[in-house]
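Trainee: Take this sequence and fold it.
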Amino acid sequence: MKLLILDRDGVINYDSDAYIKTLEEWIPLPGAVEAIAQLSKAGWTVAVATNQSGLARGYYSAAVLDSMHARLRELVAGQGGELGLVVHCPHGPAEGCECRKPKPGMLKSIAAHYDTNLAGVWFVGDSRGDLEAALAVDCQPVLVKTGKGEKTLEGALPEGTLIFDDLAAVAAQLLHTQ
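Mentor: Numbers count the residues shown, from 1 in each chain. Below is the predicted model of the structure:
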């Protein structure tokens, strides 16, 4: 199975320190939807693992979050592709759950859903927490410069982290090397 796992905010869509609270605020980054569709059409399964503490904070409802993911699925389908499993952590940072990145719970859920090993699977994110979650399950950490990526680049990165400008560049690399 060719599996790619993505963070959401800052990788697929614009991020905001004030949270993405409405469907109208959920705006895809240039080329991101097309990248997911291209990968899907080439036989890749593209899954998403996203921290959504705005749920715990009461900033938006599960129904609003579901509408954002439904919109993403519609956009990808409109480009001829399909989006795989989308998992989210609804907990706040202080709740001590096992799913909130940098803990690897969501990545383990994706592995269990697809009955696959995550060793070497690319996990694309824009934050240090994403990279740490990748390492915890032997995924290949991949940093994009979108979202918080440029700021993340200012610190030390885990050894072996791959760096790309954006999700479109990740897709181009994967499609070129398959």
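
Trainee: okay, CA-based contacts and neighbour counts for the rest of this
Mentor: OK.

Trainee: any idea how far Leu167 is from Ala63?
Mentor: 26 Å (CA to CA, to the nearest Å).

Trainee: can you list the weak-confidence ranges in the chain?
Mentor: Counting by pLDDT under 70, the chain shows low-confidence ranges at 178.

Trainee: Identify each of the helices in it and give its residue range.
Mentor: Remark: helices assigned in the chain by DSSP state H are 32-41, 62-78, 105-114, 128-136, 149-153, 167-177.

Trainee: As a markdown table, those helices with distance to Ala49 and mean neighbour count would be great.
Mentor: Listed next are the helices of the chain as a markdown table, based on distance: least, CA to CA, whole Å; neighbours: other CA atoms under 10 Å:
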| stretch | distance to Ala49 | mean neighbour count |
| --- | --- | --- |
| helix 32-41 | 14 | 22 |
| helix 62-78 | 12 | 16 |
| helix 105-114 | 6 | 18 |
| helix 128-136 | 9 | 22 |
| helix 149-153 | 17 | 17 |
| helix 167-177 | 15 | 16 |
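
Trainee: can you redo the ones you listed as a markdown table with distance to Ser53?
Mentor: As requested, those are exported to a markdown table (distance: least, CA to CA, whole Å):
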| stretch | distance to Ser53 |
| --- | --- |
| helix 32-41 | 23 |
| helix 62-78 | 11 |
| helix 105-114 | 14 |
| helix 128-136 | 14 |
| helix 149-153 | 19 |
| helix 167-177 | 23 |
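
Trainee: And stretch 156-165, what's buried?
Mentor: Leu157, Ile163, Phe164 (16 or more other CA atoms under 10 Å).

Trainee: C-alpha coordinates for that stretch, PDB please?
Mentor: The C-alpha atoms that make up stretch 156-165 are tabulated as PDB, following Å, rounded to 0.1, in the frame of the first residue of the first chain:
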ATOM      1  CA  ALA A 156      16.500  22.000  15.200                       C
ATOM      2  CA  LEU A 157      14.800  19.400  13.100                       C
ATOM      3  CA  PRO A 158      14.900  15.600  13.700                       C
ATOM      4  CA  GLU A 159      17.600  14.000  11.800                       C
ATOM      5  CA  GLY A 160      16.500  12.900   8.300                       C
ATOM      6  CA  THR A 161      13.600  15.300   8.100                       C
ATOM      7  CA  LEU A 162      12.700  16.000   4.400                       C
ATOM      8  CA  ILE A 163      11.800  19.600   3.600                       C
ATOM      9  CA  PHE A 164       9.600  20.800   0.800                       C
ATOM     10  CA  ASP A 165       8.000  24.200  -0.100                       C
END
